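K.L.:
Mind looking at a prediction? Sequence and model below.
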Amino acid sequence: MNLKSLAALTLAASAAPLAAAGPLAYALCQTGCNGLAVACYTAAGFTFGVTIVAAPPAIIGCNVGLGACMAACAGTALIAPTP
């Protein structure tokens, strides 16, 4: 899977409707975002969570996608009512 398809998948996942469960929905959404980031890092040939001195453009793209996904989680799941 290449970086462009992972970025498209990340964007699609961040736009998907979420369950209305407040903090639980936020936690599940963040877990999904991290799963996509791990897949992106793996596709780029790196390990998620390992510190590297100079980040290559592929990793920067993964981090931008992760940030967008996390922002979408905060913007939707945190405002959802908790049953």
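P.N.:
Done, it's in.
K.L.:
Quick one: neighbours of residue 66, just the number.
P.N.:
By other Cβ atoms under 10 Å, 21 other residues sit near residue 66. Heads up, the C-betas are built off the backbone N, CA and C, glycines and all.
K.L.:
my guess is it meets residue 38, correct?
P.N.:
No: contact criterion Cβ atoms under 8 Å: residue 66 and residue 38 do not qualify, at 9.7 Å.
K.L.:
The protein: helices as residue ranges?
P.N.:
Counting by DSSP state H, the chain forms helices over residues 3-15, 23-44, 57-76, given from the N-terminal end onward.
K.L.:
Would you format these as a markdown table with distance to residue 51 and mean pLDDT included?
P.N.:
Converted to a markdown table, the helices of the chain look like this (distance: least, Cβ to Cβ, whole Å; pLDDT from 0 to 100):
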| stretch | distance to residue 51 | mean pLDDT |
| --- | --- | --- |
| helix 3-15 | 21 | 66 |
| helix 23-44 | 12 | 92 |
| helix 57-76 | 11 | 92 |
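K.L.:
Using a markdown table, lay out these together with distance to residue 50.
P.N.:
Supplementary listing: those in a markdown table, determined by distance: least, Cβ to Cβ, whole Å:
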| stretch | distance to residue 50 |
| --- | --- |
| helix 3-15 | 18 |
| helix 23-44 | 9 |
| helix 57-76 | 10 |
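K.L.:
Let me know the pLDDT of residue 21.
P.N.:
Listed pLDDT for residue 21 reads 58.
K.L.:
Could I get the buried residue list for stretch 63-70?
P.N.:
Counting neighbours by 16 or more other Cβ atoms under 10 Å, one finds that the buried residues in stretch 63-70 are 65-66, 68-70.
K.L.:
swap that for stretch 46-61, sorry
P.N.:
Buried residues in stretch 46-61, counted by 16+ other Cβ under 10 Å: 46, 48, 58-59, 61.
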